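> what would the 3D arrangement of this be:
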Amino acid sequence: VQLQASGGGLVQPGGSLNLSCTDSSYILDYYTVGWFRQAPGKEHEGVGCIIRGNDNTLYIDSVKGRFTIGRDSAKNTVFLRMNSLKPEDTAVYYCATECLWPDLVKAWGPGTLVTVSS
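The predicted model follows:
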């Protein structure tokens with residue numbers, strides 16, 4: 001399953017942005033869905049995920065309290081709400097059916113670029 005991320009853009013430090021993850025063939029409610037990012041010159045990094053079944057969420061420490069992952073079942077979408085954005089959040093963001101461990105992702109779908117800059 002290769003999920004598609006969208007919604008990126010340019011935002012000022014302290015601003016907010018909402019990303020969406022979707023797929024045309026699979027019902028995302030049945031999957032654990034994770035958000036990942038790849039900053040320029042760096043490896044992929046897990047950001048957080050929402051667990052199938054109980055919808056519990058996990059986040060890395062650097063985004064806790066700022067990022068929120070949730071489902072919009074009617075739109076077959078998993079969203080990533082990002083608040084209080086920092087320049088170090090600048091990256092291409094991806095979603096995948098894994099949680100936090102990018103080495104487990106077999107293939108990356110299209111990502112979306114988030115640039116935090118004044």
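
> grab the most central residue of the protein for me.
Centre of the chain computed as the mean C-alpha position; nearest residue by CA atoms, centre = their mean is Trp35, 2.9 Å away.

> for it, what are its contacts?
Taking CB atoms under 8 Å, 6 or more residues apart in numbering, we find Trp35 in contact with 5, 19, 21, 46-49, 67, 69, 78, 80, 93-95. All C-beta atoms are positioned from the backbone trio N, CA, C, and that covers glycine.

> mind putting those into CSV with secondary structure, distance to Thr112 and neighbour count?
Listed next are the contacts of Trp35 as CSV, based on DSSP: H, G, I helix; E, B strand; the rest coil; distance: CB to CB, whole Å; neighbours: other CB atoms under 10 Å:
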residue, secondary structure, distance to Thr112, neighbour count
Ala5, strand, 5, 26
Leu19, strand, 6, 26
Cys21, strand, 9, 28
Gly46, strand, 16, 21
Val47, strand, 13, 25
Gly48, strand, 16, 20
Cys49, strand, 17, 24
Phe67, strand, 15, 21
Ile69, strand, 15, 24
Val78, strand, 13, 27
Leu80, strand, 10, 27
Tyr93, strand, 5, 23
Tyr94, strand, 8, 25
Cys95, strand, 9, 33
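
> can I get these in TSV including distance to Ile60 and pLDDT?
Putting these into TSV (distance: CB to CB, whole Å; pLDDT from 0 to 100) gives the following:
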residue	distance to Ile60	pLDDT
Ala5	17	97
Leu19	16	98
Cys21	17	97
Gly46	6	97
Val47	6	98
Gly48	7	98
Cys49	10	98
Phe67	9	98
Ile69	12	98
Val78	17	98
Leu80	13	98
Tyr93	13	98
Tyr94	15	98
Cys95	15	97
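
> nearest to Ala39, of those residues?
Tyr93 (10.2 Å; CB to CB).

> for Asn83, give me its contacts.
Contact analysis of Asn83 by CB under 8 Å, 6+ apart lists Ser16, Arg66, Phe67, Thr68.

> since that was my last question, I'll sign off now.
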